Structures are given as C-alpha cells and as structure tokens.
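Peer 1: Prediction below, plus the sequence it came from.
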Amino acid sequence: MSIVILDFGSQYTPLIARRLRELRVYSVVLPGTSPVEEICTQEPQALIFSGGPASVFDSDAPLPDPRVYDLDIPILGICYGMYLLAQHFEGQMKQIGRREYGKALLTHCEGPLFAGFPGETQVWMSHSGTVTALPSGWRVVAATKENPVAAIECPDARYFGVQFHPEVVHTVEGRLMLENFLQAMKIPRDWVPEHTLELLVREVKEKVGSGRVLLALSGGVDSSTLALLLAHAGIEHIAVFVDHGLLRQGERAEVEQALHALGVNVITVDAAGQFIQALQDVWDPEEKRKIIGQEFITVLEEKAREYGPFQFLAQGTLYPDVIESAGGAGTASIKSHHNVGGLPKELVFKLLEPLRFLFKDEVRELARLLGLPDAIRLRHPFPGPGLAIRILGEVTQEKLEVLRQADAIFIEALRMTNLYQDVWQALAVLTPWHSVGVMGDERHYGYVLALRAVTGVDGMTADWARLPAEFLDKVARKITCQVPEVGRVVYDITSKPPATIEWE
C-alpha cells in the first residue's frame, strides 16, 4: 500500500515523497504519464500530482493517464497538478502574464485540508497561471492577496488542488496540510522501521530464493546495512570490497576491521592501479562515473568466476540515487550514480537493490535494528566513485594524496570540535586551479582547495553548514601548513538546490 506521486517535472517532487515518509506513509515517485497498470502495481491509496514547468495550455503538456480518475481514490494536485484537476473536470484557467514566485500569505482557509490552520499562514508559490472558473460543484477553500483561488476542493472532498507547495519548508504549515490530507482520507501511517525490515526480508527471500549473492561493499552505511540484511534473511552471500584507490585516508583498514568484527565475510580486492589507469586523461565527471562503474563490474565478474557461481549482484542503491539519475516526466537526469547510471547495460548478474526505495535516514534506522555500530551507521555519506569526483579534472596519484591529506584534516577537526554530527556531509574538493600566494617569504603557486559542509536529512535538499569562522580559519591554516601543495582554501556557501552536494 502506498501513495503514488506522479512527477510532472517539479524540482520539489522528491520532497513530497520525503515529507510523506516523515509522516510514516510509504510513498513512491512515478513519471506523471505512467499508465494506470504501472500505478496499480504500487497498490495506491491516494495519488498526488506534482508541480512542473509545463503549462496545461501547451500542446505537448504531460498529462496523467485519464483512467487514474476511475481508480476512485483521493487525489491531491499541487500547482501544475491543481491545473490538471481543474482542466479534467472542465474548469477554466488563464495565464496571468507574470509569475508569482516566493512567499505569500494564505487566508480564508477552510475544509479538511486546512484543519487547525491559523487565520493567516505563509506558503511558497511558484506559478504563472490561475483558475478563473471552478469545475461544477467545486469550491475555493483558500486564497492569497494575489490569487483568489489558491486552493480548491471537489464536492465530496476527495479531490483537492493547491496552488502552493506544501512540501517545502517555506510553507510553514505544509506538514500539517499533508497530515490533514492523510487523516481525512483515512490513510494508515504504518511505515515504521520494524515494518520496513519485515517487508525487505520477505522481498529478498522471494527474489533470491536459493540463489547466491555477490555484494558490492563500499564500507558505508548503505552497503554495510545491506550485508547485515542479507545475513538476517539467511541469504548466502560474499561481500567484495573493492579498493579502487579513490578512498579517503585510512578508510580501507577502517572498513575491514569494522565489518570483520560484525561477522561479515569480506574479500578485499586491491584494484587501485586498474582504476587510476582507466581514469587517465579523463576530465568529464559523467565519463568518470561510467568508467568507474565499468571497472567495478570487471572486478566483480572476476571475483564471481573465482568464488561463484552467483546469480545476483547486490548494491546499496538508495532512492535519491534513483531519482537523481532517472528523473521524471519533464525533468532531466541530474547525474548518473555508479550504482544506477554508471553500470553497463548487459550484466552477467541480476541486480538486487532492496534499499532502492529508501532514503538515507530510513537506512540508518534499519541499520540500528540490525545492530550496525554507530561509528559506521552515522558516518557521512561517501560517493561510490570516491575521490575521483572530488578532484575536478584529471585524476592523478599526486592529486589523490593531496586531497586525502586535506580531507582528513577537515574531518578530524570536525570530530575534535564535536561538529561532525551537526552536519550531514562534509568534504574537500581539489580544483584544477592554482593561485599565487606567499610561503616563507617566497612566491608560492598552489592548488585552490574548496571545503564543503551541508546540513540536511536525506541529501535530496541541503543547506550549507554555518560552521564558526574561527573553526574554518584554523582548518585553513592547518591545511596550508601541512599540505604544502595547497595554496588557498575557500568555503562553499551554496545550498542544494541550486547546487548539488558533490561538485561533480
């Protein structure tokens, strides 16, 4: 059972799924034009039409399968989704000639969607049209100063449309509105970690049967949790940890010690030379990711022949990886992940990705139930392609050593000052640029190194961490003193969106 979010291209669509998960309801994102047969495989209890950049007046505007209205389940339309509802039920709309974007005050709130709302509340608008005539029997249930039709409701209060985005934090009572929708539609809120674990164990057992699994282990929380999940489900597997030479300082030893202590059967493969050679003269980040994905498969296939046979390749792919790599209707892929877009199309294994519909914090809760120590469970995320995508431009052994040292100084300083758990992810990025400076009364021409730290919950959105200036000053001084190849340190103050967390 789920709520299916039909994605019509809004940058905020993943946030809708995120907010529903926070309210303990399983949600899944599908392309807006998905056929009703595909939608029904998710056993939807309700649908949400997302926003999007298109206009219902466009001849090629993406539309839902009209049969979704025959499912007789509640529908909430957000922004463009509200227009779709109004259009289908023969309301009238027009372009307003200007875009209403940003904060607005919602007034005259009534109906089940707005139970418990104050007289006025701030919402986040992003639209360029308005409903001028309601469908027959529908009513207006909220307005703003600029827009007299900010929310609408059908006669039997089963279909709702809102002009604003309840999923973003700028809509102050957005969570309450989504909670009201769930309550009014009598949708159970039972998506809890224990239930998730039970479902995943059942799913893995049904899919694998008596087969054997080769697990691609990175040592992070995702693949480590997957290793424990397979063991918990009684699935025969071997975990292969590929040291591709792109790991952080001391990471190989840390991963091996931690997972051996948990009883995980880890086989480490030293393939650093192979990966770095394959990345020679490669600058394009997407090409890097795809090369790394291909080299991973090459190594894993070798180990499969040595220890096989295996029928499945297991990966710790998460939902943000899937969303960012695939996109929905009207959206472009942001980047390929080596777990998703970086793998070759023809594999000798069947892919096993039981975590692919979970967010990072949900995986951490699952890891807690499975007994994963906090030292691994609460580690900052680290990309599968490793430091290759934190070195802008060509990857060389010299650059890797420079970045490892600088990154280790930054992370250790965060730990020593008890700031590590205050940020969701922290990293150093080695740029291809050099900057003139002075060291020891001599002209120095060193790398520009960027530090980045963000706060967030799941990586779909993030804000730059307001680390103390004194802390950044000490870190920058230590890096330039201990890593002489670095001549200048800068701090990234860009949120996601518009940026991504990683630079490549």
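Peer 2: The structure has been received and is ready for your questions.

Peer 1: Nearest the geometric middle of this protein, what residue?
Peer 2: Nearest to the geometric centre of the chain sits Pro320, at 2.5 Å (C-alpha atoms, centre = their mean).

Peer 1: Now do that residue against Pro385, distance only.
Peer 2: From Pro320 over to Pro385 the distance is 15 Å, taken as C-beta to C-beta, to the nearest Å. (Each C-beta comes from the backbone N, C-alpha and C, glycine too.)

Peer 1: which stretches of the stretch 201-350 of the chain form strands?
Peer 2: Along the stretch 201-350 of the chain, the stretches classed as strands by DSSP state E, counting those that start in this stretch are 213-217, 237-243, 266-270, 312-314, 350-352.

Peer 1: now the helices for the stretch 251-400 of the chain?
Peer 2: Remark: helices assigned in the stretch 251-400 of the chain by DSSP state H, counting those that start in this stretch are 251-261, 272-278, 285-307, 319-326, 360-370, 374-377, 397-416.

Peer 1: Which strands or helices does the last one pack on?
Peer 2: Contacts defined by 3 or more C-beta pairs under 8 Å, 6 or more residues apart in numbering; DSSP states H and E place helix 397-416 against strand 425-439, strand 442-455, helix 469-482.

Peer 1: With distance to Met416 added, can I get these in TSV?
Peer 2: Conversion of the helices and strands packed on helix 397-416 to TSV gives the following (distance: least, C-beta to C-beta, whole Å):
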stretch	distance to Met416
strand 425-439	13
strand 442-455	15
helix 469-482	10
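
Peer 1: picking that back up, just give me the lowest mean pLDDT stretch among the helices of the stretch 251-400 of the chain.
Peer 2: For these, mean pLDDT drops lowest on helix 319-326, to a mean of 68.

Peer 1: Output the helices and strands packed on helix 397-416 in a markdown table, with mean neighbour count, mean pLDDT and distance to Ala17 appended to each entry.
Peer 2: What follows is the helices and strands packed on helix 397-416, written out as a markdown table (neighbours: other C-beta atoms under 10 Å; pLDDT from 0 to 100; distance: least, C-beta to C-beta, whole Å):
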| stretch | mean neighbour count | mean pLDDT | distance to Ala17 |
| --- | --- | --- | --- |
| strand 425-439 | 17 | 90 | 20 |
| strand 442-455 | 18 | 90 | 20 |
| helix 469-482 | 15 | 97 | 34 |
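
Peer 1: what's the closest of those to Tyr307?
Peer 2: Closest approach to Tyr307 among the helices and strands packed on helix 397-416 (C-beta to C-beta): strand 425-439, 33.6 Å.

Peer 1: what sits up against that closest one?
Peer 2: Residues from elsewhere that reach strand 425-439 (C-beta atoms under 8 Å, 6 or more residues apart in numbering): 380-381, 390-393, 399, 402-403, 406-407, 410-411, 414, 420, 443-454, 456, 459, 462, 465, 480, 484, 487-488, 492, 501-503.

Peer 1: Output it as PDB - backbone C-alpha positions only.
Peer 2: Extracted in PDB, the C-alpha atoms of strand 425-439 (Å, rounded to 0.1, in the frame of the first residue of the first chain):
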ATOM      1  CA  GLN A 425      28.100  15.600   4.900                       C
ATOM      2  CA  ALA A 426      31.500  17.300   4.800                       C
ATOM      3  CA  LEU A 427      34.100  17.100   2.100                       C
ATOM      4  CA  ALA A 428      37.100  18.700   0.500                       C
ATOM      5  CA  VAL A 429      37.300  19.300  -3.300                       C
ATOM      6  CA  LEU A 430      40.500  19.800  -5.200                       C
ATOM      7  CA  THR A 431      40.100  22.200  -8.000                       C
ATOM      8  CA  PRO A 432      42.300  22.300 -11.200                       C
ATOM      9  CA  TRP A 433      43.200  25.900 -10.500                       C
ATOM     10  CA  HIS A 434      46.300  27.300  -8.900                       C
ATOM     11  CA  SER A 435      46.600  30.500  -7.000                       C
ATOM     12  CA  VAL A 436      49.500  32.800  -6.200                       C
ATOM     13  CA  GLY A 437      50.500  33.100  -2.600                       C
ATOM     14  CA  VAL A 438      53.400  33.600  -0.300                       C
ATOM     15  CA  MET A 439      55.100  31.000   1.900                       C
END
